[in-house]
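**Q** Here's my sequence, what's the structure:
(one chain, ligands or ions: 1)
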Amino acid sequence: MSNLIDIKGVRHAYKTPSGPLPVLDGLELSVPEGGFAAVVGPSGCGKSTLTRLVAGLMKPDEGEVWLHGQKVTGPKSTVGMAFQNPVLLEWRTILQNVMLPLEIVKTGMSRKASEDRARHLLNLVGLDGFEDKRPSELSGGMRQRASLCRSIVHKPEVLILDEPFGALDAFTREDLWQTMHKVKAEEPFTGVLITHDLRESIFLADQVIVLSGRPARTQYVMDVHLRGERDIEMLYTAESADALNTLRQQIRIAQGRDAA
Ligand SMILES: Nc1ncnc2c1ncn2[C@@H]1O[C@H](COP(=O)(O)OP(=O)(O)OP(=O)(O)O)[C@@H](O)[C@H]1O
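**A** As a prediction, the model looks like this:
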């Protein structure tokens, strides 16, 4: 399988009043087409910086980011993004919010086809009946569902999820994890998920990448091959406990609390 995302030897430092702040230090990361990678690491190690590089929103000082065999040199409309704060526009209905990328990205879809697609996605995530509501009329979990629809409505090649479930309560979060599996089964994408939640990482991703402390490099890569249906029960098996323990240990190493 060919890699859809290839990050090769990326180094980056932010310019700050007190001098350069090295954030990424020779980062390597590959995600095959259709793969779903979760990136975990200590707070402030450079995870969001990594997503900005993949989306072409900034350029690395050194190294290269490739998407589908093309070097990223600027913002890419083939990348969809969803964040912890969904930032839906209050003056638009939920349906109009989901349709927004189709007004910006040239897809050649008619207005009717765009609306049908947005309605279909809202139905897929369980928001049918809420199309004409305003964002403030929805709960946090519902807004995040709408944001997910908006991030994939234009069929991006790559979906970047930067802690999309971080602000939700535990039960809502688990519901959203299951919705993610449903969405990925019906609307396949290649994904990168930034998260602080190790359970979330093994439940959703097929590859978990642990970054070292700042400046971040790829410290550890775990392929997730958990058996059985991905329902929440799966997180309570001995196999999952082993995977979580290994990841927890790697995070402690990344934080400098344990020796490598
Ligand atoms: N535009 C910027 N200018 C200067 N420093 C920045 C800028 N953006 C981020 N930083 C700093 O770079 C480091 C990495 O930031 P980044 O947001 O990528 O980390 P993160 O791993 O996503 O953090 P967290 O886990 O807390 O969300 C942090 O120390 C942050 O303060």
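
**Q** State the helix or strand in which residue 183 lies.
**A** Element membership of residue 183 [criterion: DSSP states H and E] is helix 170-186.

**Q** Summarise which helices and strands that helix is packed against.
**A** With contacts taken as 3 or more CB pairs under 8 Å, 6 or more residues apart in numbering; DSSP states H and E, helix 170-186 sits against helix 111-124, helix 140-152, helix 198-204. All C-beta spots, glycine's among them, are computed from the backbone N, C-alpha and C.

**Q** Tell me which of those helices approaches residue 215 most closely.
**A** helix 198-204 (21.7 Å; CB to CB).

**Q** could you point out which element follows the closest one?
**A** Scanning the chain past helix 198-204 towards its C-terminal end, the next helix or strand to appear is strand 207-211 (assignment: DSSP H and E).

**Q** Against residue 119, how distant is the residue most central in space within the chain?
**A** Closest residue to the average C-alpha location of the chain: residue 161 at 2.1 Å, with CA atoms, centre = their mean. The spacing between residue 161 and residue 119, counted by CB to CB, to the nearest Å, is 23 Å.

**Q** show me the contacts for the closest residue to residue 186 other than its chain neighbours.
**A** With CB to CB, 6 or more residues apart in numbering as the criterion, residue 186 has its nearest non-adjacent residue at 6.2 Å, and that residue is residue 124. Listed by CB atoms under 8 Å, 6 or more residues apart in numbering, the contact partners of residue 124 are 149, 182, 183, 186, 187.

**Q** what's downstream of the helix-or-strand element of the chain with minimal mean pLDDT, the next helix or strand?
**A** Using mean pLDDT, DSSP states H and E, the weakest-scoring helix or strand in the chain turns out to be strand 79-83, at a mean of 88. Sequence-wise, the next helix or strand beyond strand 79-83 is helix 94-104, with elements assigned using DSSP H and E.

**Q** and the stretch 1-150 of the chain, which residues reach the ligand?
**A** Contact residues (CB under 6 Å from any ligand atom) of the stretch 1-150 of the chain with the ligand: 14, 16, 21, 23, 43, 44, 45, 46, 47, 48, 49.

**Q** Kindly supply the PyMOL command isolating those of those that are buried.
**A** This is how PyMOL selects the buried members of these, with burial counted by 16 or more other CB atoms under 10 Å:
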select buried, resi 23+45+46+47+48+49
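
**Q** Which of the residues of the stretch 1-150 of the chain next to the ligand fall within helices?
**A** Taking DSSP state H as the definition of helices, those contribute 47, 48, 49.

**Q** quick one: contacts for the residue of the stretch 101-250 of the chain found nearest the ligand?
**A** Using CB to the nearest ligand atom, the point where the stretch 101-250 of the chain gets nearest to the ligand is residue 214, with a distance of 6.0 Å. Remark: with contacts taken as CB under 8 Å, 6+ apart, residue 214 is in contact with 22, 23, 42, 44, 45, 46.
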